[in-house]
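In: Let me see the structure of the following:
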Amino acid sequence: MTNDDGSVQDAAAALAQAKAAAAAAQAAADAAEAALAEATRRAAEAEAAAAPVDPQPVASTQPVASTPPVASGPLSPAAVDAVRAGYDFAGEALQMGALVNGEALADVQVRIPLGMVARHGLVAGATGTGKTKTLQGLAEQLSAAGVPVFAADIKGDLSGIATPGASSDKLTERTRGIGQDWKSTSFPTEYFTLGGLGTGVPIRATITSFGPLLLSKVLGLNETQESSLGLVFHYADAQGLPLIDLADLRSVLSYLQSDEGKGELKELGGLAPATVGVILRELITFSDQGADVFFGEPEIDTADFLRVASDGRGIVSLLEVPGVQDKPALFSTFLMWLLADLMNDLPEVGDIDKPKLVFFFDEAHLLFNGASKDFLSAITQTVRLIRSKGVGIFFVTQTPKDVPGDVLAQLGSRVQHQLRAHTPDDAKALRQTVQTYPVSEYDLGEVLQSLAIGEAIVTVMNEKGAPTPVAWTRMRAPQGSMDPTPATDMQATVQASPLLARYGTAVDPDSAREMLARRLDAASAAAAQAEAAEAAAAQAAKTEKERLAAQKKIDAEYDRMTRQSQPRRTTTRSSSTRRSSKTPMEQVLGSPVTKTILTEVMRGIFGNARRR
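Out: Got it, this is the predicted structure:
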């Protein structure tokens, strides 16, 4: 239908004209594109005809249509030479593996300078792509170079580093193909557990040293609650109240909400009862989950992670955490505490030939999930500054996006195993990962999805601090066992550890809970004494008042009896000749003995008899 003025018909005509114009424009664009392609082809043919004949052609041996996609390789000879030169270091280096260029090239080794391990790194990849074995291989080589290692053994797989590996035909074929001289070897290992849950030397920390930031992260507090918790820690430090375990912190919180302690923080703004209630509830829940065993004394000395064995190899310290897999935020935050403690205790050493310790932070995404701004800032600062203490950190996670940008920017080495793009979020993560790599001949969006298990895209810092070429690498195989070490062997290692005698048994020293209990007892005793003194004073005043009242009545009764005892007398003489004389009754009543008798009689009347 149309309006009387025909406006709909005009609009339809305009739309038809617009469509026709668009079609014409598209046809013109197609024609221009075809002309450009034809011109490009003719120019290429002319250039090829004018070029001198190459006696050893490389790229022209295959027609363009049959050239395989870049993702499946091979790299050009120039690119291979660039990789070979980029990883040819003069100093000591860790062997990562061999370049894959269609097949593994045993003569093109991918390495990382030992001194650059302290510039931190990232090992990423989907589940089951070989991250754990890469971590084990790096830890083995670091130990062999005399560098102590600390790593969290989330699933127990890393414990195999303490057991010699088993050879097989498949393993031999792989290692020969990448130029690895594989030998079955075990490495010196120490097992640790959080609070003694599991097999290992117990690791404990005091609440005071753990601090409000890390504790807030574990408890899931918001920024307001985190600030309030910081105020509680400030008060405990100022009052000399050691916070050893969760019971100490609960005691301080309860005290600051009591009548005796609520005025203690008045000048600092005080604590909102609702906030204290939330923190106390979270602490109780945390304790019910078994976290009490993680806090206490003796506190671990992080210097014990920097030891080397008698043969000069670095000791690999494994934190066995299968028993706390349901508390991922707890163990990840504990690892952050260990790093912070190391940074506080270790001296500045600057750039050194090899690290004093390398710290592998597995399941790193658990550390950053839901973290406050202050917590993320503290992590970034720790990562930035701990390098100068000679400590290298490798974050191990699934995708680089799990690590905040400020932290990721501090990581010099990248080992990226296969990524999957099965969901829109996965595809987005893949694109973001590709954008973080240097330019190369690889189509990384395709390569990262086609990597085999045990292969990775690698780029590290060279000895001058510049990034090395991106290299598709077949990683070295661990020399220790790829299976977990038997539980009996692990237990025997723990029992033989010299650290067990120092940290094996928990102690309960005098701390905030006991000190506040004594303070409250003393306050209660003082209040009771004051109350008793006040009651005694009140009773004494009452008694004195009653005594005065009784004495007044006695005096009044005495006067009355005195007046009644006087006889009537008539005046027979004039006033000038009148004289007074006391009768015998008056003399008796006026004697001291009579007054004493009357006083005793009256006291008996008022119930105020002398106490025995």
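In: make it CA atoms for all contacts and neighbour counts henceforth
Out: OK.
In: Grab the longest helix from this structure for me.
Out: Longest among the helix segments of the chain by residue count, using DSSP state H, is helix 512-565.
In: which helices and strands does it pack with?
Out: Packed against helix 512-565, as judged by 3 or more CA pairs under 8 Å, 6 or more residues apart in numbering; DSSP states H and E, are the following elements: helix 246-257, helix 584-589, helix 592-605.
In: Looks like S450 contacts Q418 (just checking).
Out: Yes: when contacts are counted by CA atoms under 8 Å, S450 is listed as touching Q418 (6.9 Å).
In: ok, the two, which is more surrounded?
Out: It is Q418, of S450 and Q418, that has more neighbours when counted by other CA atoms under 10 Å, with 25 against 16.
In: In three-state terms, how would A152 be classified?
Out: In the three-state summary, A152 is assigned as strand, counting by DSSP: H, G, I helix; E, B strand; the rest coil.
In: quick one: contacts for the closest residue to it other than its chain neighbours?
Out: The spatially closest residue to A152, leaving aside those adjacent along the chain, is L319, at 4.6 Å (CA to CA, 6 or more residues apart in numbering). Remark: with contacts taken as CA atoms under 8 Å, 6 or more residues apart in numbering, L319 is in contact with F150, A151, A152, D153, Y191, F192, T193, L194, G200.
In: Just the buried subset of the residues you listed, written out for ChimeraX, thanks.
Out: Burial among those is assessed by 16 or more other CA atoms under 10 Å; the matching ChimeraX selection reads:
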select :150,151,152,153,191,192,193,194,200
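In: where along the protein do the strands fall?
Out: Counting by DSSP state E, the chain has these strands, from start to end: 93-101, 103-113, 121-124, 149-153, 189-194, 201-203, 316-320, 357-362, 391-397, 413-416, 455-459, 471-475.
In: Would you mind saying which of these lies nearest S481?
Out: strand 189-194 (13.0 Å; CA to CA).
In: Dump the contacts of L319 to a markdown table, plus distance to L430 and pLDDT.
Out: Formatted as a markdown table, the entries for these read as follows, by distance: CA to CA, whole Å; pLDDT from 0 to 100:
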| residue | distance to L430 | pLDDT |
| --- | --- | --- |
| F150 | 30 | 96 |
| A151 | 27 | 94 |
| A152 | 26 | 87 |
| D153 | 27 | 86 |
| Y191 | 36 | 96 |
| F192 | 36 | 94 |
| T193 | 35 | 91 |
| L194 | 35 | 87 |
| G200 | 38 | 93 |
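In: What are the contacting residues of stretch 455-465?
Out: Outside stretch 455-465, the residues that touch it by CA under 8 Å, 6+ apart are 86-87, 89, 112-113, 115-116, 129-130, 412-418, 448, 467-475.
In: Apply the buried test to the residues you listed and list what passes.
Out: Applying a neighbour-count criterion of 16+ other CA under 10 Å, the buried members of the contacts of stretch 455-465 are 86-87, 112-113, 115-116, 129-130, 412-418, 448, 467-475.
In: beta partners of A124?
Out: T397, Q416 (DSSP bridges).
In: dump the residue contacts of it.
Out: For A124, counting by CA under 8 Å, 6+ apart, the contacting residues are K131, V396, T397, Q398, T399, P400, V415, Q416, H417.
In: In those residues, find the pair that's most separated.
Out: For those, the maximum inter-member distance is 13.3 Å, found between K131 and P400 (CA to CA).
In: Between the two, which is the more surrounded one?
Out: Each of K131 and P400 has its neighbours counted (other CA under 10 Å); K131 has more, 26 against 23.
In: Of the strands of the chain, which is nearest G177?
Out: strand 103-113 (6.3 Å).
In: model confidence over the closest one, on average?
Out: Per-residue confidence for strand 103-113 averages out to 96 on the pLDDT scale.
In: what packs against that strand?
Out: On the basis of 3+ CA pairs under 8 Å, 6+ apart, strand 103-113 makes packing contacts with helix 77-86, strand 93-101, helix 169-177, strand 471-475.
In: buried ones in stretch 513-524?
Out: Across stretch 513-524, burial judged by 16+ other CA under 10 Å covers R513, M515, L516.
In: And stretch 158-165, by the same measure?
Out: Of the residues in stretch 158-165, L158, S159, G160, I161, A162, T163, P164, G165 count as buried by neighbour count, 16+ other CA under 10 Å.
In: out of these, who's nearest F359?
Out: Relative to F359, the closest of those is L158; by CA to CA it sits at 13.9 Å.
In: tell me the contacts of that closest one?
Out: Residues touching L158, when contacts are defined by CA under 8 Å, 6+ apart, comprise T132, Q136, L318, M482, P484.
In: gap between stretch 513-520 and the chain center?
Out: Averaging C-alpha coordinates over stretch 513-520 and over its chain gives two centres that are 30 Å apart (CA atoms, centre = their mean, to the nearest Å).
In: wait, I meant stretch 420-431
Out: Here stretch 420-431 shows a centroid-to-chain-centroid distance of 28 Å under the convention CA atoms, centre = their mean.
In: hmm, who's touching it?
Out: Outside stretch 420-431, the residues that touch it by CA under 8 Å, 6+ apart are A126, T399, K401, L419, G445, L448, Q449.
In: Out of these, which end up buried?
Out: With neighbours counted using 16+ other CA under 10 Å, the contacts of stretch 420-431 contain these buried positions: T399, K401, L419, G445, L448.
In: Quick one: those residues as a markdown table, columns for distance to L75 and pLDDT too.
Out: Rendered in a markdown table, the data for those read as follows (distance: CA to CA, whole Å; pLDDT from 0 to 100):
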| residue | distance to L75 | pLDDT |
| --- | --- | --- |
| T399 | 25 | 88 |
| K401 | 28 | 86 |
| L419 | 21 | 92 |
| G445 | 16 | 90 |
| L448 | 15 | 93 |
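In: Take the residues you listed and keep only those in helices.
Out: The members of the buried ones among the contacts of stretch 420-431 that map onto helices under DSSP H are G445, L448.
In: any idea which of the buried ones among the contacts of stretch 420-431 is the one closest to Q495?
Out: Comparing those against Q495 with CA to CA picks out T399 as the nearest, at 38.3 Å.
In: so who does the closest one touch?
Out: Listed by CA under 8 Å, 6+ apart, the contact set of T399 reads A124, G125, A126, L419, A429, T433.
In: K262 now?
Out: Residues in contact with K262, defined by CA under 8 Å, 6+ apart, are Y255, L256, G270.
In: Out of the residues you listed, who's the most crowded?
Out: For the contacts of K262, neighbours were counted using other CA under 10 Å, and L256 has the most, 20 neighbours in all.
In: Distance check, that residue against K262.
Out: When distances are taken as CA to CA, to the nearest Å, L256 and K262 turn out to be 5 Å apart.
In: what residues are shared contacts of the two?
Out: With CA under 8 Å, 6+ apart as the test, L256 and K262 reach no residue in common.
In: Tell me where the model's unsure across the protein.
Out: Counting by pLDDT under 70, the ranges of the chain that qualify are 1-73, 322-326, 328-329, 523, 566-612.
In: domains of it?
Out: The record assigns the chain these domain ranges, following automatic domain parsing: 84-187+314-485, 209-283, 551-558+583-612.
In: Those into JSON lines, with extra columns for distance to A527?
Out: Converted to JSON lines, the domains of the chain look like this (distance: least, CA to CA, whole Å):
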{"stretch": "domain 84-187+314-485", "distance to A527": "43"}
{"stretch": "domain 209-283", "distance to A527": "11"}
{"stretch": "domain 551-558+583-612", "distance to A527": "29"}
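In: Just name the most buried of those.
Out: domain 84-187+314-485 (a mean of 20; mean count of other CA atoms under 10 Å).
In: what's the span of that domain from first residue to last?
Out: End-to-end distance of domain 84-187+314-485 (CA to CA): 37 Å.
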